[in-house]
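In: how would this look folded up:
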Amino acid sequence: MEPRNSYTFELSADQQIALIATLRDGNFKPVTVAYSKIAADGDHCRIVLYTSGKLVVQGKGAQDFVTFVLEPQILMAAQLGYEAILNPEAIAPHIGVDESGKGDFFGPLVIASAYTDESLSQAMQEMGVRDSKKITSDARMLEIARNLRKLLGDRFSVISIGPAKYNELYTRIRSVNSLLAWGHARAIENLLEKVPTCPRAVSDQFGSKEQVKRALLQKGRKIELVQRHRAESDIAVAAASILAREGFLLGLRKLGEQNGIKLPKGASNLVQDAAVELVRKHSPATLVQTAKCHFKTTDTVLERLQLTRSALGPGGMAQSRPMAPGGFRRHAPKTQET
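Out: Model prediction:
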């Protein structure tokens, strides 16, 4: 494999201090780079530590700097560049699956799947693909997602379940995990149409793996399913998390534009205030079209407006409670795929 010429790391506070000392005391030439804590030129490479804590090493000598300086002196571990030795499964062909919007009152639930192999993994690392929760800027998130789509071509799938459909499904099944199981299965099935020989799919641990298996159809039943905690450390899952977050952010923005109000993320007091404003501007039933109505936020908002759930209509009546026996049906109504 050709040597890489670009690396990106997130450094802890202690690692940043160590790097700054190394660059100041070693054989490096200081340079000026906007928004950086320190920047220097080394042997055929440029090292830039940004104020955010992100470190970028670029140039034909980047791999040598990472191997002989950064890893032994700063990171204290051999990481990038050794994937094939330390964890060959990480760069072997597989699918990653993740979701976004599960904990957000407003907006859709979005599930995405992304394929990777050795060459794609390297390209993803170079473009800064990592768990979407670690990317704090929405603009940066959308930029990486656009680049990721270009890189993958058709080797990804995005399932978006809008609030109205989400509320309809939840009214019937009363289980977010069952809905996630179907969405994960659908995202895997869709991607297997494009990469039919892919042997494995990785996702975060959110419920019983058997739920996903039951929801898979003929193609998906042959694939190995792997669920684990902190699965976002897997590059394919990280890619899926970015694509899912992109779908959520764009869906949330569109709903806000349609209703003439900015809809915040999460489920904070700010979200409650926006929901009250939304109902006053339109009607209580608007919540069914814009929000996940089984959230306790719904009851808080209705209480502030001196209303009951009956004001929402049938789609907003379901409150969060354990799933009824029988689980989730395999053939759920179709949702939007992007």
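
In: Show me this protein divided up by domain.
Out: By the assignment in automatic domain parsing, the chain contains the domains 6-81, 88-338.

In: got the ones you listed as TSV, with mean neighbour count and mean pLDDT columns?
Out: Where you see a C-beta, it was placed from the backbone N, CA and C, and this is true even at glycine. What follows is these, written out as TSV (neighbours: other C-beta atoms under 10 Å; pLDDT from 0 to 100):
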stretch	mean neighbour count	mean pLDDT
domain 6-81	16	89
domain 88-338	19	86
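
In: quick one: the strands in the stretch 201-338 of the chain?
Out: Ranges of strands in the stretch 201-338 of the chain, per DSSP state E, counting those that start in this stretch, are 224-228, 336-337.

In: so which of those gets nearest residue 247?
Out: Nearest to residue 247 among the strands of the stretch 201-338 of the chain is strand 336-337; the distance by C-beta to C-beta comes to 9.3 Å.

In: what's near enough to touch the spatially most central residue of the chain?
Out: Centroid-nearest residue in the chain: residue 241, 1.9 Å away (criterion: C-alpha atoms, centre = their mean). Residues in contact with residue 241 (C-beta atoms under 8 Å, 6 or more residues apart in numbering) are 98, 100, 112, 131, 132, 133, 232.

In: got TSV for the strands of the stretch 201-338 of the chain, with distance to residue 278 too?
Out: Compiled in TSV, those are given as follows (distance: least, C-beta to C-beta, whole Å):
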stretch	distance to residue 278
strand 224-228	36
strand 336-337	22
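
In: Inside strands: which ones of the contacts of residue 241?
Out: 98, 100, 112 (DSSP state E).

In: what's across from the last one in the sheet?
Out: Counting by DSSP bridges, residue 112 is bridged to residue 98, residue 158.

In: Isn't it up against residue 243?
Out: Yes - judged on C-beta atoms under 8 Å, residue 112 makes contact with residue 243 at a distance of 4.0 Å.

In: What ranges does the stretch 101-250 of the chain have for its helices?
Out: With helices called from DSSP state H, counting those that start in this stretch, the stretch 101-250 of the chain shows them at 118-126, 138-152, 163-173, 176-192, 209-215, 235-259.
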